[in-house]
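K.L.:
Using only what follows, build the 3D model:
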Amino acid sequence: MGKTNHTATIDDDLLLKNFFAKVSEVERDNEVLRILSYFKLNPFEYLNLPFDSLIDDVKKQYRKLSLMVYPDKCKHPQAKEAFGALAKAQQLLLNQNERDYLLSQVNSAKEELRAKRKKQLKKDTTLKIKSLVEEGKYDKQYEQSEEFQQELKVKVRELLTEQECSRRKMQMKISEEEGRLKRDEEE
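P.N.:
Prediction:
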């Protein structure tokens, strides 16, 4: 009777271990899908970090997520792609010039949202009165709200997309001009 209980305990432990391995595998797969579904131009989204994250936060989050999607540990067919995306995101956020560029886009997005909010306050007198009474506390609370953070993410996406389109158009013009110059030289 004692051996049966011991065997049952071992089987239960094994089942529990297998269950947690499966859960871990599902979590890994979900993380791969999350990474690959995010906006490609924003490394903060890849690493699932707020815009005000410090360099140490970037390193810690990269380490945590990269271990989760490391291709040797994660069986998802796109784990290698997700791992590469995380590495690129970290590289961008650790590069001071890239980080400054991204944060300038974040600040531009904030300014646009603040201007939009100011217009809304002019139209809505109760919000305007509340804002004036609380002397800026209301605006700070709003900027810390989930609603503002979501609007900020969307606005940053818009700005980064506009910048990337402009960059690509400029690159296309440069390529066309180089091609024209090359043709002129050949003639």
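K.L.:
contacts and neighbour counts: CA atoms only from here.
P.N.:
Noted.
K.L.:
where do the helices sit along the chain?
P.N.:
2-37, 43-46, 55-69, 79-94, 96-123, 125-133, 137-144, 146-186 (DSSP state H).
K.L.:
The longest one packs against which elements?
P.N.:
Counting contacts by 3 or more CA pairs under 8 Å, 6 or more residues apart in numbering; DSSP states H and E, helix 146-186 is packed against helix 96-123.
K.L.:
the bottom helix or strand of the protein by mean pLDDT?
P.N.:
Lowest by mean pLDDT, DSSP states H and E among the helices and strands of the chain is helix 125-133, with a mean of 60.
K.L.:
Just the pLDDT for residue 95.
P.N.:
Residue 95 carries a pLDDT value of 95.
K.L.:
cool, residue 84 as well?
P.N.:
91.
K.L.:
can you pull the contacts of residue 149?
P.N.:
Contacts for residue 149 (CA atoms under 8 Å, 6 or more residues apart in numbering) come out as residue 143.
K.L.:
Skipping its backbone neighbours, what lies nearest the residue most central in space within the chain in space?
P.N.:
Residue closest to the mean C-alpha point of the chain, counted by CA atoms, centre = their mean, is residue 45 at 0.3 Å. Counting by CA to CA, 6 or more residues apart in numbering, residue 38 is the residue found nearest to residue 45 once chain neighbours are left out, at 6.3 Å.
K.L.:
so how far is residue 88 from that neighbour?
P.N.:
Residue 38 is 14 Å from residue 88, where distance means CA to CA, to the nearest Å.
K.L.:
With residue 71 instead?
P.N.:
16 Å.
K.L.:
Run a quick neighbour tally on the closest residue to residue 51 other than its chain neighbours.
P.N.:
Once flanking residues are discounted, residue 51 sits nearest to residue 44: 6.5 Å by CA to CA, 6+ apart. By other CA atoms under 10 Å, 24 other residues sit near residue 44.
K.L.:
And the pLDDT at residue 44?
P.N.:
Confidence score, pLDDT, at residue 44: 92.
K.L.:
Could I get the contacting residues of it?
P.N.:
50, 51, 89, 93.
K.L.:
likewise residue 153?
P.N.:
So residue 153 contacts nothing (CA under 8 Å, 6+ apart).
K.L.:
Endpoint to endpoint, stretch 41-48 covers what distance?
P.N.:
13 Å.
K.L.:
now do stretch 67-79
P.N.:
11 Å.
K.L.:
got the phi/psi numbers for residue 49?
P.N.:
Phi and psi for residue 49, reported as degrees, to the nearest 10, are phi -120, psi 150.
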